[in-house]
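S.K.: based on what follows, work out the 3D shape:
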Amino acid sequence: MLAGLVLAGALLWVGGHQAGGGLAGAGPVCGEQEGARSAYWRFARWWRSVAGLALQGGQAVAASGGDVLIVIDIDRRQLTVYRDGVPVKTFPVAAGRPGEPSPVGEWRVTDIAHWPGGPFGARWFGLSAPWGSYGIHGTNNPGSIGTYASLGCIRMFNEDVMTLDDLVQVGTPVKITGTTEVYYRLPAYRRGDVGQDVVLLQLALRATGFDPGVADGVYGGVTEKAVAEAEWWFGLHPDGTADMALQRLVGFRP
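M.R.: Residues are numbered from 1 along each chain as shown. Predicted coordinates for the structure are as follows:
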């Protein structure tokens, strides 16, 4: 199985490099990329996460010193590191500029890279948001910290992002909260849909008492089940499709 994953990874590396997807080659790319909603992009990011788990023996590596969680408040432009539920460090950050919002949701660190400088600074921590290439990274523009300036990534001072090396590993959860830009609602959502709007639908379901699983922007089986339960509760046909009636009932649509 591992050999198969390595071979698949090599093929995806070539495809990702040729497509300019930021998966390999020239280094990370911040923000939603052309083709980011394509099946290829979603599969490539899914493979990278699965391969990482396989190489680690089938489970995400927990950060040393107990359970670590990163919470980023994009309204306050702050990143807080929690260990065993207790905040241990808080740092100022820059978030996505207007038109290039940071991805609100519940993610995992998928890859870590050390850089000698440039726009990504000294460190890169890739995130599992499925509709683009987003990460937490350093910067060569320290004056931007505390503002909305990036293409959706979370920027930190280089000295701050380097401290995450001792706290964060592949698999560390990252929760991004705050105001985001979603100017559209689909008439209906169903299994396979991906996007920031799907995250907000998942959060609306959770707030109404129906568990969609992780708010990861992917309308998968757990979200489908939560929608069916909500439909049954509200007297709708429980087909697992979040139509406009269901969206209104859970507060996703005004």
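
S.K.: just checking, Ile154 touches Gly135?
M.R.: Yes. Ile154 sits in contact with Gly135 when judged by CB atoms under 8 Å, with a separation of 7.4 Å. In this view, the C-beta of every residue, glycine as well, is placed from N, C-alpha and C.

S.K.: ranges for the strands of the stretch 51-200 of the chain?
M.R.: 68-73, 78-83, 86-92, 95-96, 105-114, 123-127, 135-137, 148-150, 154-155, 173-177, 188-189 (DSSP state E, counting those that start in this stretch).

S.K.: wait, which of those is closest to Ala204?
M.R.: Closest approach to Ala204 among those (CB to CB): strand 188-189, 11.1 Å.

S.K.: so which elements touch the closest one?
M.R.: When contacts are defined as 3 or more CB pairs under 8 Å, 6 or more residues apart in numbering; DSSP states H and E, strand 188-189 sits against helix 196-208, strand 242-243.

S.K.: so which elements touch the helix or strand just after the first one?
M.R.: Stepping forward along the backbone from helix 196-208, the first helix or strand reached (DSSP states H and E) is helix 221-233. On a contact count with 3+ CB pairs under 8 Å, 6+ apart, helix 221-233 meets helix 196-208, helix 244-249.

S.K.: how about 6 Å then?
M.R.: Packing contacts for helix 221-233, counted by 3 or more CB pairs under 6 Å, 6 or more residues apart in numbering; DSSP states H and E, involve no helix or strand.

S.K.: and it, which residues are buried?
M.R.: Using 16 or more other CB atoms under 10 Å as the test for burial, helix 221-233 gives Thr223, Glu224, Lys225, Ala226, Val227, Ala228, Glu229, Ala230, Glu231.

S.K.: quick one: average pLDDT of it?
M.R.: What helix 221-233 shows for mean pLDDT is 98.

S.K.: got the contact list for that helix?
M.R.: Arg191, Gln202, Leu205, Phe210, Asp211, Pro212, Gly213, Pro238, Gly240, Ala242, Leu246 (CB atoms under 6 Å, 6 or more residues apart in numbering).

S.K.: mind saving the C-alpha coords of that helix as PDB?
M.R.: Listed next in PDB are the C-alpha coordinates belonging to helix 221-233 (Å, rounded to 0.1, in the frame of the first residue of the first chain):
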ATOM      1  CA  GLY A 221     -21.500  11.700   4.200                       C
ATOM      2  CA  VAL A 222     -21.600  13.100   7.800                       C
ATOM      3  CA  THR A 223     -23.000  16.400   6.600                       C
ATOM      4  CA  GLU A 224     -25.500  14.600   4.300                       C
ATOM      5  CA  LYS A 225     -26.700  12.600   7.400                       C
ATOM      6  CA  ALA A 226     -27.000  15.800   9.500                       C
ATOM      7  CA  VAL A 227     -29.100  17.400   6.700                       C
ATOM      8  CA  ALA A 228     -31.300  14.300   6.500                       C
ATOM      9  CA  GLU A 229     -31.900  14.400  10.200                       C
ATOM     10  CA  ALA A 230     -32.700  18.100  10.100                       C
ATOM     11  CA  GLU A 231     -35.100  17.500   7.200                       C
ATOM     12  CA  TRP A 232     -36.900  14.800   9.200                       C
ATOM     13  CA  TRP A 233     -37.100  17.000  12.200                       C
END
